[in-house]
Structure formats: structure tokens, C-alpha cells
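> got a predicted structure here, sequence first:
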Amino acid sequence: MADRSSPSAAGYVAAARVVLDEVATGQEPAVREAARLVAESLRAGGIVQAFGAGHSEALAMEIAGRAGGLVPSNKIALDDLVVLGGAPPDVLFGPFLERDPAVAHRLYELSAPHPEDIFVIASNSGVNGCVVELARLVKQRGHRLLAVTSAAHTGHAASRHRSGRRLIDFADVVLDNGAPPGDALLPLPSGARVCAISSLSAALLAQMVVAEVVRLLAEAGEEPPIYLSANIDGGDDHNRKLENRYAGRLRRHA
């Protein structure tokens, strides 16, 4: 068996398996509750609005516009400031954009959410200003909120929001991605650590929630609105018909 602490491919796989197994079993109740809220939103005509800054953007990509995923889903990204909001491209080069609470208000406005929409916000630390402010704004406007974060990290990190609050303080359901503080799993002799896990575990959580949503809808005799791959015959037509139900609400830019 590979040494879990070894800075090697085998060591990372061994360490990742431990985390993923813990997430898969330990987060099952939270996944079921998250899926229940998503199903309620979809039945009410809402969509899933997903956001993550930095590498947490991968979670939003896992949810929105993916083959095998839910059609009524929209990815919110910092790029929206330029692509949809007309800001100059160099605004994205700022190293602390995700720490700016003012950005959250612009992103919320650009997402043009309906009252029935449910939000999923991912942040490993859950403390940066933009993430916390968006969570606060989402709840202020009456939406349900699912948070994907590291309980180990956020529990020991100081908030960078003026309120002193964290992403988890606003969430209806918290999904713990199982990542350690700093995200990386494998220790080096220098004391540093390498090889992050949050992208893998967040993707697992996202797919678990989707699977549970589909189960709930199917058991109720409802047809789940699921994307087919655009690279199989009939995929484009199938997807277009479903997307038309949500015209103007689903943004699929890269």
C-alpha cells in the first residue's frame, strides 16, 4: 500500500481516497438536504446559480452546463464583470478581486436571478470579502443558499469581511469538502504541503447532489431536465429544447 504521506502520485491517490471516502459517507445527510432544496427550487421554476472564485470556479463549472448535469443552471464567474458587465479586461488582473465585497453586488446584478433561484457558493476558506458578501446578499434577497467549503479551514481562518462572518454563517446547507487548511494533502520535508484536494471533493459533492435531485424528481414521476453531451447524435436538439424553457437565464460563455 502506498505511503499516505509520500509526495508521489501513489501517495496522493492514497490520501485522496481517504478524503473522498470520508466526504462520500460523512456528507450524505447534507447532500440529501441540499438536493431537496434544489428540487424545490426547480419545481418552482427556479434555476441553480453557482459561483466560485479562484479554483473554486471549478465547482460552478461542475454544476452548470455540463453533460449529465441539470439544464436549469447558471455559472456566475468573475469574468462576468467583463463579458457581461462591460468592465475593462484588466480588472480581472487584480490579485485581490475575490476579496472585494463590492464585486459581489455587481455579480448578483449580472446573474439577474429570479426569486425562486437557489445559489451554490464554493470557497475553500469561506472568508474572502466577495464570497461572504455574495452569501449575505443572496440571503438578504430571500434565496436558499448551499455552501461548499472546508470546515477544517474556515473554522480556523479569520474572516476578511467587515462583518466578521463567513460563508457558512449564511448557508442553509453546508457541504464540507474535507480539505485540510490550505487545501494541500501531502507534506514535504520543508514543512510545506503539495497536491490540493478541494476540486476533486467538490466535484464529488456536486455530482452527489445532482444524482439525488434526479432521484427525487424521478420518484415523483417528473422528467429530470438533464443535459446530453453535445458530442452525441441528437444532443444539441435535446439540449436546445430544454434550454428554451429558461430563455435568457442560462449563460454558457466559457
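Sure, I can see it.
> off-centre distance for the longest helix along the chain?
Secondary structure of the chain per DSSP state H: the longest helix is helix 198-219. The chain centre lies 11 Å from the centre of helix 198-219; the measure is C-alpha atoms, centre = their mean, to the nearest Å.
> what lies in contact with the helix or strand following that helix?
Downstream of helix 198-219, the first helix or strand assigned by DSSP states H and E is helix 235-243. By C-beta atoms under 8 Å, 6 or more residues apart in numbering, the residues outside helix 235-243 that reach it are 67, 71, 225, 227-230, 250. The C-beta positions use only the backbone N, C-alpha and C, and glycine is treated the same way.
> mind giving me the ChimeraX command for buried ones among those residues?
Buried subset of the contacts of helix 235-243, written as a ChimeraX selection, criterion 16 or more other C-beta atoms under 10 Å:
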select :71,225,227,228,250
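> what's the farthest-apart pair in the contacts of helix 235-243?
Greatest spatial distance among the contacts of helix 235-243 (C-beta to C-beta): 229 and 250, at 16.9 Å.
> got a list of what residue 129 touches?
Shown in contact with residue 129 (C-beta under 8 Å, 6+ apart): 98-101, 104, 160-162.
> strands - which of those residues land there?
Among the contacts of residue 129, no member falls in strands (DSSP state E).
> just give me the closest of the residues you listed to residue 245.
Nearest to residue 245 among the contacts of residue 129, counting by C-beta to C-beta, is residue 104 at 28.2 Å.
> what about that closest one, distance to residue 12?
Distance, residue 104 to residue 12, by C-beta to C-beta, to the nearest Å: 34 Å.
> and if you look at residue 48?
Distance check for residue 48 against residue 12: by C-beta to C-beta, it reads 31 Å.
> what's the answer for residue 216, then?
Applying C-beta to C-beta, the value for residue 216 to residue 12 is 35 Å.
> where does the prediction get shaky in the protein?
For the chain, the stretches with pLDDT under 70 are 1-6, 253-254.
> that one: strands as residue ranges?
48-52, 73-76, 118-122, 144-149, 173-176, 184-187, 193-196.
> quick one: strands adjacent to the longest one?
If I follow you right, that is strand 144-149. Counting by DSSP bridges, the strands paired with strand 144-149 are strand 118-122 (parallel), strand 173-176 (parallel).
> buried ones in the last one?
Of the residues in strand 173-176, those buried under the neighbour-count criterion (16+ other C-beta under 10 Å) are 173-176.
> show me what contacts the closest residue to residue 33 other than its chain neighbours?
Leaving aside its chain neighbours, residue 33 sits nearest to residue 173 (5.1 Å; criterion: C-beta to C-beta, 6 or more residues apart in numbering). Taking C-beta under 8 Å, 6+ apart, we find residue 173 in contact with 30, 33-34, 37, 145-147.
> mind running it again at 7 Å?
Taking C-beta atoms under 7 Å, 6 or more residues apart in numbering, we find residue 173 in contact with 30, 33-34, 37, 146.
> nearest to residue 212, of these?
Distances from residue 212 to those, taken as C-beta to C-beta, are shortest for residue 34 (7.7 Å).
> just checking, the closest one touches residue 174?
No - in this structure, residue 34 is not within contact of residue 174 by C-beta atoms under 7 Å, at 9.2 Å.
> hang on, the earlier thing: look up how far residue 211 lies from the residue nearest to residue 33.
Distance from residue 173 to residue 211, by C-beta to C-beta: 16 Å.
> how far out from the middle of the chain is stretch 126-146?
A distance of 13 Å separates the centroid of the chain from that of stretch 126-146, by C-alpha atoms, centre = their mean.
> then stretch 120-128?
Relative to where its chain is centred, stretch 120-128 has its mean C-alpha point 9 Å off (C-alpha atoms, centre = their mean).
> ditto for stretch 102-121
13 Å.
> pull the CA atoms of that stretch into CSV?
This file holds the C-alpha atoms of stretch 102-121, laid out as CSV (Å, rounded to 0.1, in the frame of the first residue of the first chain):
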residue,chain,number,x,y,z
ALA,A,102,-18.4,45.4,-3.9
VAL,A,103,-17.8,42.8,-6.6
ALA,A,104,-20.5,40.6,-5.1
HIS,A,105,-23.2,43.2,-5.8
ARG,A,106,-22.2,43.5,-9.4
LEU,A,107,-22.1,39.7,-9.9
TYR,A,108,-25.5,39.3,-8.3
GLU,A,109,-27.0,42.0,-10.5
LEU,A,110,-25.5,40.4,-13.6
SER,A,111,-26.8,37.0,-12.7
ALA,A,112,-30.3,38.5,-12.9
PRO,A,113,-31.8,35.9,-10.5
HIS,A,114,-35.4,35.1,-10.1
PRO,A,115,-36.8,34.8,-6.5
GLU,A,116,-37.1,31.0,-6.9
ASP,A,117,-33.4,30.5,-7.8
ILE,A,118,-31.1,28.7,-5.4
PHE,A,119,-27.5,29.6,-5.0
VAL,A,120,-24.4,27.4,-4.6
ILE,A,121,-21.3,29.2,-3.5
